[in-house]
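Participant: Need a 3D model of the sequence below.
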Amino acid sequence: MRCAAAARSLLPLPLPLPAGAPIHSAAAAAAPPPHLAAELDAADALHAVLSALPPSLPALLPCLSLLSPRLTPHSVADALHCASLPAASRLRLFLFSALSPRLRSPLLHSRAVVPLLLAADADADAAMYAAIDDARAAGLRAPSAAFEALVFAHASAGRHEEAVQAFSRMAEFGCRPTAFVYNAVLKALADSGAIPLALALYSRMVIAGCPPNRATYNVLMDGLYKRGMAGDALKLFDEMIERGIKPNVKTHTVLLSSLCNAGRLSDAEKLLQSMKEKGCPPDEVTYNALLSGLCKAARVDEAFERVELLRGRGFALGLKGYSCLIDGLFQAGRYEEGFECYTEMLERTDISPDIVLYTIMIRGCAEAGRTEDAFSFLDEMKEKGLVPDTFCYNTLLKALCDVGNLDGARSLRSEMLQNNVVLDSTTHNIMICGLCKKGLLDEALQVFEEMEKTGCHPTVMTYNTLINGLYRVRRLEEARMLFHKMEMGNNPSLFLRLTLGANQVRDSESLQKLVDKLCQSGQVLKAYKLLQGIIYSGVVPDVVTYNTLIKGLCKMKNLDGALRLFKELQLKGLSPDEITYGTLIDRLLRAHRLNDAMELFHNILQSGGTPSLSIYNSIMRSLCRMRKLSQAVNLWLDHLPRKYNLSADDEVFANARKKFEDGSLDEAIRELVKIDQEYGSVNSNPYTIWLIGLCQARRIDEALRIFHILVEFGIDVTPACCAILTKFLCWERNLSEAIDVMLYTLSKRFIMSRQVGNRILRSLCIHQRRKDAQALAWRMHLVGYDMDAYLREPTKDLLYSQ
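Facilitator: All right, here's what the predicted structure looks like:
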């Protein structure tokens with residue numbers, strides 16, 4: 001009652017905010033437009049309530065109920081986006097608004113909550129379920145929106161199993177999945193390759209009385225298209241029409257792509273004509289799909305004829321269209337024409353190549369024997385701020401291996417590791433093929449072992465290449481062992497007979513029936529795990545097997561079980577590897593079990609091993625979050641002598657440690673960077689971790705000094721660092737320094753999140769620096785920000801209102 005009375009008395013006036021909280025009213029600057037005034041008053045009150053009261057719905061509910069009539073979905077969304085408010089309070093506001101028909105806005109609020117859950121990472125489930133339990137304690141039911149957000153958070157982070165698990169728990173809380181939730185899970189299943197389960201879940205959706213919508217069919221048809229199942233995609237399209245759902249341009253485009261992928265170009269042409277007749281005009285994406293189909297079918301000249309025809313109708317060829325044509329010319333071996341088409345694009349249009357087109361050009365150069373030009377394109381990409389991905393690097397790696405330049409290939413592979421580029425199955429296969437061609441079987445087998453240790457599953461090509469190479473040098477027993485392993489790993493029917501019984505599953509049809517049965521009985525998660533087991537079966541029981549099991553137990557939050565498995569592994573004479581330790585330490589730290597994590601860390605040192613950089617980074621991040629920055633720095637100072645194979649008493653390390661102990665962390669970092677430079681091992685970690693730790697400890701001046709030191713030495717400060725530093729500088733009203741940090745991100749061509757950019761621009765306007773805000777907004781526009789889409793409406797009003 002006291003809370004309700006306090007909120008009622010404060011409503012007519014702007015609420016006094018807690019010390020240091022960001023100001024959400026423009027009272028200190030020009031008054032906001034009249035139509036926003038009432039909403040801003042209520043928004044200020046909402047921010048004050050969430051800041052001042054405990055993050056508990058029983059405590060918050062009276063105040064939220066009083067404020068509710070004066071709030072809007074947009075003011076709720078603004079509070080959900082506000083990083084300075086406690087995350088737990090924002091989650092509870094989300095649940096409250098989800099249960100209010102007037103405040104509920106699934107799309108608007110999900111955009112705010114999904115990043116909040118992603119920031120919680122592995123604790124996303126715990127955070128949401130704690131909020132749901134809290135809602136129940138306040139007499140509220142669990143809204144379906146809670147699970148929608150959880151499913152979307154996991155799915156967007158690629159955690160497909162967790163997304164399925166969240167969906168599976170909806171019935172437990174009495175929540176009925178909406179089409180929105182079904183579609184999110186269907187997309188996660190399609191993206192992970194579990195098409196049989198996606199189709200089974202679709203059937204369950206229909207039986208449960210939840211009508212599928214256009215998005216449902218788009219997701220399923222896209223998943224079928226990507227796996228070459230054009231016939232099934234067509235059946236779904238027909239079913240969609242029978243249900244009276246009108247397909248849109250995207251639906252037609254997915255179907256057209258599926259037909260082109262299956263080589264059914266005449267049917268694709270008929271579909272295109274049908275679209276025009278039905279008043280659903282094709283767009284650029286549709287035409288690009290057709291061009292791609294023609295090029296893949298080696299009908300490049302027809303693709304160019306189609307382009308000329310479209311140009312006559314006012315169609316302008318875009319980036320994707322040029323990429324299709326150039327790729328088609330390269331696939332046809334018409335390299336010079338491909339290079340001419342690229343030059344024409346640069347000279348006649350204002351189109352800039354993206355990473356996809358650069359990769360196509362690199363492949364064309366490599367296949368044409370112009371390796372130096374291929375690397376020139378790579379350098380040009382980097383200069384423009386584009387980050388080469390795995391596929392791009394693989395293209396160059398293959399070019400080097402094809403010409404027998406294994407030293408260059410090894411160097412490029414090392415560069416991929418240094419730049420944290422994922423080494424996938426193709427990367428390893430290219431290296432293994434190149435090494436086997438040169439007769440370097442032992443090195444090829446070493447790459448194969450590394451491939452398995454990092455959780456990258458071998459393909460048929462991997463096994464074939466190694467078996468062939470082993471047979472050539474008469475290492476027959478090793479070849480036979482690989483063959484048996486290959487047989488198990490690539491025979492789903494055999495795997496299922498071994499795990500489910502000889503008569504359970506014999507072919508893909510009976511597999512679909514089994515998955516359907518599990519899904520209809522509500523065992524969606526079990527069905528998902530079954531399919532994943534088929535995909536990843538065939539690993540011999542070694543440390544890799546244990547790593548898989550340990551990781552699974554960790555995901556299920558069964559850390560004690562994972563630790564018991566770790567001990568069992570050692571009792572069986574196996575040695576834990578970097579992945580074993582890395583997985584356990586990372587999960588223990590996320591569960592706030594620092595002592596257990598440190599015990600494992602010291603176990604590595606006592607066994608004569610060296611913890612990986614990722615393990616050091618994980619521990620230092622955890623220590624910084626716990627406000628134990630000194631321990632984080634000392635951990636790294638203890639590591640450096642081992643890293644550089646020097647004595648711990650060496651003068652350079654002693655000097656750095658002394659400066660740190662004297663309270664001059666910035667000077668200590670200056671010494672450490674010089675050491676890194678001397679040994680040619682400069683990396684932004686651990687300095688960026690410490691910088692974030694200082695921000696979290698509200699030691700902003702020290703964090704700022706570290707930022708300037710890193711810039712001085714030419715060490716890239718990560719976008720995450722810049723974002724958190726900008727946030728706290730705005731919070732402390734040190735706006736000049738915040739502008740400098742933002743200008744640094746512009747110089748590096750970083751695209752910062754909407755939350756970061758809107759915060760600094762809004763802060764500048766509120767504190768009577770609107771001209772500076774407008775100048776910064778213009779600079780952001782010049783480097784590629786789409787300011788119309790980037791700026792939120794309140795920011796636009798503050799920036800441009802008279």
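Participant: burial count for Glu277?
Facilitator: Per other Cβ atoms under 10 Å, the neighbour tally for Glu277 reads 7. Where you see a C-beta, it was placed from the backbone N, CA and C, and this is true even at glycine.
Participant: And it, how far from Lys270?
Facilitator: Going from Glu277 to Lys270 by Cβ to Cβ, to the nearest Å gives 10 Å.
Participant: Tell me which other helices or strands the helix or strand harbouring Leu60 touches.
Facilitator: Using DSSP states H and E, the element containing Leu60 is helix 57-67. Judged by 3 or more Cβ pairs under 8 Å, 6 or more residues apart in numbering; DSSP states H and E, the packing partners of helix 57-67 are helix 2-10, helix 34-52, helix 87-98, helix 124-137.
Participant: do that again at 10 Å, thanks
Facilitator: Using 3 or more Cβ pairs under 10 Å, 6 or more residues apart in numbering; DSSP states H and E, the elements in contact with helix 57-67 are helix 2-10, helix 34-52, helix 73-81, helix 87-98, helix 124-137.
Participant: tell me which residues in it are buried?
Facilitator: 57, 59-64, 66-67 (16 or more other Cβ atoms under 10 Å).
Participant: How about the secondary structure of Gly439?
Facilitator: Here Gly439 is recorded as coil under DSSP: H, G, I helix; E, B strand; the rest coil.
Participant: give me every residue that touches it.
Facilitator: With contact taken as Cβ atoms under 10 Å, 6 or more residues apart in numbering, Gly439 is in contact with 469, 472-473.
Participant: Just the buried ones from those?
Facilitator: Buried members of these, counted by 16+ other Cβ under 10 Å: Gly469.
Participant: closest to Thr462 among the contacts of Gly439?
Facilitator: Gly469 (11.2 Å; Cβ to Cβ).
Participant: doesn't Lys437 make contact with that closest one?
Facilitator: Yes. The criterion here is Cβ atoms under 10 Å, and Gly469 meets it with Lys437 at 8.5 Å.
Participant: Show me whatever sits in contact with both of the two.
Facilitator: Shared contacts of Gly469 and Lys437 (Cβ under 10 Å, 6+ apart): Ala444.
Participant: what about Pro211, neighbour count?
Facilitator: Pro211: 10 surrounding residues under other Cβ under 10 Å.
Participant: List the contacts of it.
Facilitator: For Pro211, the contact set (Cβ under 10 Å, 6+ apart) comprises 179, 205, 243, 245.
Participant: How confident is the prediction for it, by pLDDT?
Facilitator: Predicted confidence (pLDDT) at Pro211: the value is 88.
Participant: circling back to that earlier point, could I get the buried residues of helix 57-67 in CSV, plus columns for pLDDT and distance to Leu710?
Facilitator: Converted to CSV, the buried residues of helix 57-67 look like this (pLDDT from 0 to 100; distance: Cβ to Cβ, whole Å):
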residue, pLDDT, distance to Leu710
Leu57, 79, 42
Ala59, 83, 42
Leu60, 82, 41
Leu61, 83, 46
Pro62, 84, 48
Cys63, 84, 43
Leu64, 83, 43
Leu66, 84, 48
Leu67, 83, 43
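Participant: how about the helices in the stretch 351-500 of the chain?
Facilitator: Counting by DSSP state H, counting those that start in this stretch, the stretch 351-500 of the chain has helices at residues 355-367, 371-383, 390-402, 406-418, 425-437, 441-453, 460-472, 476-489, 492-500.
Participant: Buried residues of the third one, list them for me.
Facilitator: Taking 16+ other Cβ under 10 Å as the basis for neighbour counts, the residues of helix 390-402 that come out buried are 392-402.
Participant: Need those residues in a markdown table (columns: distance to Ser110 and pLDDT).
Facilitator: Listed next are the buried residues of helix 390-402 as a markdown table, based on distance: Cβ to Cβ, whole Å; pLDDT from 0 to 100:
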| residue | distance to Ser110 | pLDDT |
| --- | --- | --- |
| Cys392 | 32 | 87 |
| Tyr393 | 34 | 88 |
| Asn394 | 35 | 89 |
| Thr395 | 37 | 88 |
| Leu396 | 39 | 88 |
| Leu397 | 40 | 90 |
| Lys398 | 41 | 89 |
| Ala399 | 43 | 87 |
| Leu400 | 45 | 88 |
| Cys401 | 45 | 88 |
| Asp402 | 47 | 85 |
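Participant: which of those residues sit farthest apart?
Facilitator: Across these, the longest distance by Cβ to Cβ is 16.3 Å; it joins Cys392 and Asp402.
Participant: for the buried residues of helix 57-67, which one is nearest Lys555?
Facilitator: Distances from Lys555 to the buried residues of helix 57-67, taken by Cβ to Cβ, are shortest for Leu57, at 28.4 Å.
Participant: who's in contact with the closest one?
Facilitator: Taking Cβ under 10 Å, 6+ apart, we find Leu57 in contact with 64, 89, 91-93, 95-96, 131-140.
Participant: Going through those residues, which ones are buried?
Facilitator: Neighbour-count burial (16+ other Cβ under 10 Å) applied to the contacts of Leu57 gives 64, 89, 91-93, 95-96, 131-132, 134-135, 138, 140.
Participant: Out of those residues, the closest to Glu305 would be?
Facilitator: Leu91 (56.5 Å).
Participant: State the distance from the closest one to Ser97.
Facilitator: 11 Å.
Participant: who touches both of the two?
Facilitator: The contact sets of Leu91 and Ser97 overlap at Leu80 (Cβ under 10 Å, 6+ apart).
Participant: can I have stretch 167-180 written out in PDB, keeping just the CAs?
Facilitator: Taking C-alpha atoms only, stretch 167-180 is exported to PDB below (Å, rounded to 0.1, in the frame of the first residue of the first chain):
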ATOM      1  CA  PHE A 167       8.800 -24.800 -26.600                       C
ATOM      2  CA  SER A 168       8.400 -28.200 -25.000                       C
ATOM      3  CA  ARG A 169       7.900 -26.600 -21.500                       C
ATOM      4  CA  MET A 170       4.900 -24.400 -22.600                       C
ATOM      5  CA  ALA A 171       2.400 -27.100 -21.700                       C
ATOM      6  CA  GLU A 172       3.900 -27.400 -18.200                       C
ATOM      7  CA  PHE A 173       3.000 -23.800 -17.600                       C
ATOM      8  CA  GLY A 174      -0.500 -24.000 -19.100                       C
ATOM      9  CA  CYS A 175       0.500 -21.900 -22.200                       C
ATOM     10  CA  ARG A 176      -0.800 -22.700 -25.700                       C
ATOM     11  CA  PRO A 177       1.700 -22.000 -28.500                       C
ATOM     12  CA  THR A 178       0.600 -19.400 -30.900                       C
ATOM     13  CA  ALA A 179       1.400 -19.500 -34.600                       C
ATOM     14  CA  PHE A 180       4.100 -17.000 -33.900                       C
END
